[in-house]
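Enquirer: Fold the stuff below for me.
(6 chains)
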Number of protein chains: 4
Amino acid sequence: MNSIQDNKYSQQRQAAIGAAASVFAAKGFHGASTKAIAEKLGIKQGSLYYYFKSKEEALGEVCLFGIQNYVQRMDAIANSSQPFEAKLVAVVTSHLTSYRERNEALKVYNDERLYLPKEKRTKLKELGSGYRQSLERIFEDALAAAILKPSVDCHFAAQAVIGLCNAWGDLIVRDPNIDIYEIIEKCTDLLINGFGYSEHK
Amino acid sequence: MNSIQDNKYSQQRQAAIGAAASVFAAKGFHGASTKAIAEKLGIKQGSLYYYFKSKEEALGEVCLFGIQNYVQRMDAIANSSQPFEAKLVAVVTSHLTSYRERNEALKVYNDERLYLPKEKRTKLKELGSGYRQSLERIFEDALAAAILKPSVDCHFAAQAVIGLCNAWGDLIVRDPNIDIYEIIEKCTDLLINGFGYSEHK
Amino acid sequence: MNSIQDNKYSQQRQAAIGAAASVFAAKGFHGASTKAIAEKLGIKQGSLYYYFKSKEEALGEVCLFGIQNYVQRMDAIANSSQPFEAKLVAVVTSHLTSYRERNEALKVYNDERLYLPKEKRTKLKELGSGYRQSLERIFEDALAAAILKPSVDCHFAAQAVIGLCNAWGDLIVRDPNIDIYEIIEKCTDLLINGFGYSEHK
Amino acid sequence: MNSIQDNKYSQQRQAAIGAAASVFAAKGFHGASTKAIAEKLGIKQGSLYYYFKSKEEALGEVCLFGIQNYVQRMDAIANSSQPFEAKLVAVVTSHLTSYRERNEALKVYNDERLYLPKEKRTKLKELGSGYRQSLERIFEDALAAAILKPSVDCHFAAQAVIGLCNAWGDLIVRDPNIDIYEIIEKCTDLLINGFGYSEHK
DNA sequence: AATGAATGAGAGTTCATTCAT
DNA sequence: TATGAATGAACTCTCATTCAT
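Expert: Sure thing, here's the model as predicted:
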């Protein structure tokens, strides 16, 4: 069997992307040294360049990996036939789980993509926008179905969900004792009902 | 009396902190060069060391400035006698306004403080915790006054507010066309009522 | 007195250009290391970058220095009112003397300028062409005055003079025992009369 | 009989020498990478080491090839029974033709041999000297036959011929539009008669 | 006969930092 | 109070070379 994944080169390259993600996430792009990345991979510094043309290319690959993985899950959720509330839970779960699974690539995409050259940044932005748009669509559908109050601004809502999840994601990455499912529940409750008192709920 | 001299020195030092904040915010701690900071101040690279012992000290001062300024406003709000909703609006307004006013120091505190040596980081953490605790107290008071639904976790709530504001803060910094007052309103509405439909509201 | 030359920075920079010229001439651009250049100057490697933005810039400055100096002398000769033969002697003398005076910059211009980026190369080419054109003009004037035989191709002649001088220049640089004045005489004799026998001369 | 194998190996090796010559000529020894040489040959970088023990050995072989080829032709000319003028034409033609035929090895011998270790350089020098000496002998014979004027210094003459041809060779390599036969004619005319006017010619 | 993968030494370059002036 | 000049360590990146396969 000679499948694509079998390819030893791309396997090692994928491992290199993982190592880079981990170091970039911990130290930032400029604070990360190629030596540290190579050491995490178990090879010597110069050998990294067998897999990447430059440190910048490594950043690009990490970001791409981080967001791709991510957008795919979102698409699956958006295209599913679950009711709104289930979708929202799925989105938050997907987002936070991804942080807990040490998907450092996502953090890197969030925090470091601005150090990429314009060209690459634009490509990634499209993917990222795709994510936000899928999320917006989920809100729009719910709005049309009168599940949300009419005043809801779906663009604002999508950004708020993403921002909230990223903020908790950061905390989750730093503190492994946080109960992720508790956070998921509280986040969705906040998003749907707010903190305010209302006798119906 | 050398208070005048002292005054001039500390004025320039404050300006240096501002310049550092600006460059750190734009490029991150490791991506920022002392040369760039000096240029922004209008002096030469080596002269920076008249105001800071090291680049790291500069980072410390920036973070301190960012959070101090911030905590003070929060304390004022927490200690005021406004009703809960007004306090929440005030908090969000204070937070987002601070981004719009290019208070880059706050962004630096959020994103770069982890590059400080442990000792300093701990000191800052206390301040930051003070901020969060004041915010938590606001929620606790409201909870006691039955303005919030009993299930609200005040710690979660405070973190959520901070996270949401920081996320929108980043967007605001990058896009000067965003109407900040619209965001403030939508954020507080989200926090109190959520997006979900409920006939009472 | 505060003349331009007094400026310590430009004095050191000029010295740096000289050191670079020497190393480039001996090892070629790619074979020369910035460390070697710095050592010749008596400073540490990194300090070179106080005077040059890059190794390439250093090459550019060396080439410029080499050819400028050179073109000036040629212009002086071309614009003088000496007879043709005297001019030719002056040109050859100027060219070969410059090699003997260890004007390594000229050798660098000849051999290494092709490693400059296009933009800079073009600028230098103009200067170099100016040199060749001045030389051509000397031949053209002599042709018009019937001092040269009518069949002479002035472009060919100028290139031949330059080529011959560069070739002997290389030998002169390598062997300090060569009698430069003997070479000058023989070169001019070759250029005017050739090696062939003719009873008139 | 393993002569066929041997043959294939040495054929490929010869091709490798050609590829190396081409890259060395274009970028210089230090500027040339083994990867570029391998690519020109159509093999991978590491495989070059099947044919050469080191980059330096490749340089040695290129230089040897360049000068051998060359000396052979010169010997043939020197030992022929043509009259002086025909020999001179033959020499110049051989030299310039060799550049036009992209015999980059010769250029490499001229420009890069100094990067060889002393031992090898000395061996090559003997060959090169053989070339010059053959040429000198041609001049000496002509001098003895009173075809050249008595003042001619045969050593100088040989060097001048070589230098002139190398200089034009460089121009020829760079500009494929140059009419090589015109140059040959003008060079020999210059060498025999000079540029100066004389009623006999 | 050739390759894929890795290495280690060294390159050019940047930069926080120092210090005499 | 500020600068010019230099430093040395670290960094990214290149490349000749090796070797198991």
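Enquirer: Which elements pack onto the helix or strand that residue A:107 is a member of?
Expert: Using DSSP states H and E, residue A:107 maps to helix A:104-112. When contacts are defined as 3 or more C-beta pairs under 8 Å, 6 or more residues apart in numbering or on different chains; DSSP states H and E, helix A:104-112 packs onto helix A:8-31, helix A:55-79, helix A:84-100, helix A:154-174. (Each C-beta comes from the backbone N, C-alpha and C, glycine too.)
Enquirer: nearest to residue B:111, of these?
Expert: helix A:8-31 (8.6 Å; C-beta to C-beta).
Enquirer: now residue A:87: how far from residue D:162?
Expert: 84 Å (C-beta to C-beta, to the nearest Å).
Enquirer: Can you tell me the number of residues neighbouring the residue of chain A at minimum distance from DNA strand F?
Expert: Relative to DNA strand F, the nearest point of chain A is residue A:46 (2.9 Å; C-beta to the nearest atom of the strand). Number of residues near residue A:46 (other C-beta atoms under 10 Å in any protein chain shown) recorded here: 10.
Enquirer: Need the nearest residue in space to it, chain neighbours excluded.
Expert: Leaving aside its sequence neighbours, residue A:46 sits nearest to residue A:38 (C-beta to C-beta, 6 or more residues apart in numbering or on different chains; 8.0 Å).
Enquirer: gap between the two ends of stretch A:38-58?
Expert: 12 Å (C-alpha to C-alpha, to the nearest Å).
Enquirer: what pLDDT, on average, does that stretch get?
Expert: In this model, stretch A:38-58 has a mean pLDDT of 97.
Enquirer: What are the contacting residues of it?
Expert: Contacts to stretch A:38-58, defined as C-beta atoms under 8 Å, 6 or more residues apart in numbering or on different chains, come from residues A:12-13, A:15-17, A:19-20, A:22-23, A:29, A:34-35, A:37, A:61, A:115-117.
Enquirer: quick one: is it near DNA strand E?
Expert: Yes: interface with DNA strand E: stretch A:38-58 contributes A:43-47, A:50 (C-beta under 7 Å from any atom of the strand).
Enquirer: how about CSV for these, with distance to residue B:56 and secondary structure added?
Expert: Compiled in CSV, the residues of stretch A:38-58 next to DNA strand E are given as follows (distance: C-beta to C-beta, whole Å; DSSP: H, G, I helix; E, B strand; the rest coil):
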residue, distance to residue B:56, secondary structure
A:43, 31, coil
A:44, 30, coil
A:45, 25, helix
A:46, 30, helix
A:47, 32, helix
A:50, 35, helix
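Enquirer: Dihedrals phi and psi, residue A:148?
Expert: Note on residue A:148: its backbone torsions stand at phi -110, psi 160 [degrees, to the nearest 10].
Enquirer: what distance separates stretch A:77-84 from the centre of its chain?
Expert: Centre-to-centre, stretch A:77-84 and its host chain are 19 Å apart (C-alpha atoms, centre = their mean, to the nearest Å).
Enquirer: Output that stretch as PDB, nothing but the C-alphas.
Expert: Output in PDB follows, covering the C-alpha atoms of stretch A:77-84 (Å, rounded to 0.1, in the frame of the first residue of the first chain):
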ATOM      1  CA  ILE A  77     -22.100  21.400  11.800                       C
ATOM      2  CA  ALA A  78     -23.600  24.200   9.700                       C
ATOM      3  CA  ASN A  79     -24.800  21.700   7.100                       C
ATOM      4  CA  SER A  80     -26.300  19.300   9.600                       C
ATOM      5  CA  SER A  81     -30.000  19.300  10.200                       C
ATOM      6  CA  GLN A  82     -29.800  19.700  14.000                       C
ATOM      7  CA  PRO A  83     -31.900  22.400  15.600                       C
ATOM      8  CA  PHE A  84     -30.300  25.800  16.400                       C
END
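Enquirer: What number of residues are in the vicinity of residue A:134?
Expert: Other residues near residue A:134 come to 18 when the count uses other C-beta under 10 Å.
Enquirer: for it, helix, strand, or coil?
Expert: With DSSP: H, G, I helix; E, B strand; the rest coil as the basis, residue A:134 sits in helix.
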